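Asks: 3D, please:
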Amino acid sequence: MHLEIETVIQQWDRFDTIIDVRSPGEWAVDHLPGAINVPVLSDMERDDIGKRYAASAFEAKKKGAALVARNIANALETQFNAMPREWRPLIYCWRGGNRSQAMATVMERIGWRPTLLSGGYVAFRRHVVTALDRLACSFQFTVICGVTGAGKSLFLRTLGQQGHQILDLEALANHRGSLLGSEPTGGQPSQKAFDTAVWNTLRRLDPARQIFVESESKKIGALQVPSSLIMRMRASPCIELNPSLEERVRYLLQDYSHFFNDPGTLISQLERLRPLVGGDRINEWRGYIERHDWSALVTSLLVHHYDPTYRRSMRNNFSRYDSAQVVSGHPMDRSADLAAV
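Replies: Numbers count the residues shown, from 1 in each chain. Okay, the predicted model is just below:
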């Protein structure tokens, strides 16, 4: 049975397993949420078959069929061996063609009832791009603002723990959104995977309730925030976190401690600010790093770079920033007035 992507999304929970039969490289770029990768061709095999097509389509298909049959047999003997007769998988490949059809044909002969995604991943990707525009316009957002170190992410996640609806873009992007925002836990997802994660979060939220989201620029690290979403956010009401400078420094010394263990990388990153702040300021920061005077470094970074840059950006980009509701205290100390939200 073939289903269009809109129907698949409506019936998402009826599928026991979502199987992506594309190569591991294709799967790594992006895939349907929750999908497992059971490739009928490895990256090397797919590349080899593609090259063979240039010489002879018939020979390439013959070689490809043998490889696909072998890989499907291996999956049946391992990953699918324990599946009961009632198992209901959804299968897809790039365009819903040969690779997914081969897997489904074998499953049907066994007695399972697989469903094929019409149009494959290409149809899913097209849906995500279109749906993001629609979803962004369907919600009422409240934007959490605050200068660097105000604890915006911590505040946002605390709201989530209390049952509020949140969209944590930095968590989905695996980046904190600034020059020093890369996470020590690994790199960022692809742009397509980030789009999918944002779509998958939004589609599960209730449009009748507000969504809290952190103020972001158009890019989080290397990733672009969907344009319709960033436009909606920038027209939304704001909450401004306003802890003291001392509270912010204390928080950042904990939250960015991984940089202090690698002074070379920290200096390299700050060098990128030379055109903006000048050589004297860079030399000042280098001196703090060499002396391991982290408190002085963080204070200077906030006062001379992050704070003025942030305020200019917010007033230029968020139309309702000047009328933001102010929340005092720092979320690190649980002193921020969450009850006022």
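Asks: contact partners for residue 325?
Replies: Contacts of residue 325 were listed using C-beta atoms under 8 Å, 6 or more residues apart in numbering, and they are 237, 238, 239, 240, 340. Every C-beta, even on glycine, is put in place using the N, C-alpha and C of the backbone.
Asks: was I right about residue 331 contacting residue 151?
Replies: Yes: Residue 331 lies in contact with residue 151 (C-beta atoms under 8 Å); the separation is 4.0 Å.
Asks: overlap of the contact sets of the two?
Replies: Common contacts of residue 331 and residue 151, defined by C-beta under 8 Å, 6+ apart, comprise residue 241.
Asks: residue boundaries of the strands in the stretch 151-300 of the chain?
Replies: Listed in chain order, the strands of the stretch 151-300 of the chain (DSSP state E, counting those that start in this stretch) span 165-167, 211-214, 219-220, 223-224, 238-241.
Asks: thinking again about what came up before, could I get the contacts of residue 325 as CSV with pLDDT and distance to residue 165?
Replies: Output for the contacts of residue 325, formatted as CSV (pLDDT from 0 to 100; distance: C-beta to C-beta, whole Å):
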residue, pLDDT, distance to residue 165
237, 97, 15
238, 97, 17
239, 96, 14
240, 96, 20
340, 60, 18
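Asks: filter these down to the buried ones, PyMOL style.
Replies: Selection of the buried residues among the contacts of residue 325 in PyMOL, burial being defined by 16 or more other C-beta atoms under 10 Å:
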select buried, resi 237+238+239+240
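Asks: the longest helix in the chain is where?
Replies: If you go by DSSP state H, the chain has its longest helix at helix 57-77.
Asks: can you add distance to residue 231 and give the contacts of residue 325 back as JSON lines?
Replies: Shown next, in JSON lines, are those (distance: C-beta to C-beta, whole Å):
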{"residue": "237", "distance to residue 231": "15"}
{"residue": "238", "distance to residue 231": "15"}
{"residue": "239", "distance to residue 231": "19"}
{"residue": "240", "distance to residue 231": "21"}
{"residue": "340", "distance to residue 231": "27"}
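Asks: looking at the contacts of residue 325, which is nearest residue 75?
Replies: The nearest member of the contacts of residue 325 to residue 75, counting by C-beta to C-beta, is residue 239 at 50.0 Å.
Asks: how does the protein divide into domains?
Replies: Domain segmentation of the chain under automatic domain parsing yields 2-128, 140-340.
Asks: closest one to residue 134 among these?
Replies: domain 140-340 (8.4 Å).
Asks: for residue 6, phi and psi?
Replies: With angles defined as degrees, to the nearest 10, residue 6 sits at phi -60, psi -40.
Asks: then residue 36?
Replies: Taking degrees, to the nearest 10 as the convention, residue 36 sits at phi -100, psi 150.
Asks: looking at it, it is touching residue 21, isn't it?
Replies: No: applying C-beta under 8 Å, one finds residue 36 not in contact with residue 21, separated by 10.0 Å.
Asks: comparing those two, which residue is more hemmed in?
Replies: Each of residue 36 and residue 21 has its neighbours counted (other C-beta atoms under 10 Å); residue 21 has more, 28 against 13.
Asks: so, low pLDDT: which residues of the stretch 101-250 of the chain?
Replies: Applying pLDDT under 70 to the stretch 101-250 of the chain flags the ranges 178-185.
Asks: at 90 what do you get?
Replies: Regions of the stretch 101-250 of the chain meeting the criterion pLDDT under 90 cover residues 176-187.
Asks: what's the separation between residue 328 and residue 150?
Replies: 11 Å (C-beta to C-beta, to the nearest Å).
Asks: okay, and the common contacts of these two?
Replies: Counting by C-beta under 8 Å, 6+ apart, the residues touching both residue 328 and residue 150 are 242, 243.
Asks: in terms of neighbours, single out the busier of the two.
Replies: Per other C-beta under 10 Å, whichever of residue 328 and residue 150 has more neighbours is residue 150, with 25 against 13.
Asks: the longest helix of the chain: what's the following helix or strand?
Replies: From helix 57-77 onward toward the C-terminus, using DSSP states H and E, the following helix or strand is strand 89-92.
Asks: tell me the helices and strands packed up against that following strand.
Replies: For strand 89-92, the packing partners by 3 or more C-beta pairs under 8 Å, 6 or more residues apart in numbering; DSSP states H and E come out as strand 17-20, helix 98-110, strand 115-117, helix 120-136.
Asks: can you lay out those as a markdown table showing mean neighbour count and distance to residue 169?
Replies: As requested, those are exported to a markdown table (neighbours: other C-beta atoms under 10 Å; distance: least, C-beta to C-beta, whole Å):
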| stretch | mean neighbour count | distance to residue 169 |
| --- | --- | --- |
| strand 17-20 | 22 | 25 |
| helix 98-110 | 18 | 32 |
| strand 115-117 | 22 | 27 |
| helix 120-136 | 18 | 12 |
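Asks: a markdown table for the ones you listed, including distance to residue 304?
Replies: Putting the helices and strands packed on strand 89-92 into a markdown table (distance: least, C-beta to C-beta, whole Å) gives the following:
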| stretch | distance to residue 304 |
| --- | --- |
| strand 17-20 | 48 |
| helix 98-110 | 56 |
| strand 115-117 | 53 |
| helix 120-136 | 35 |
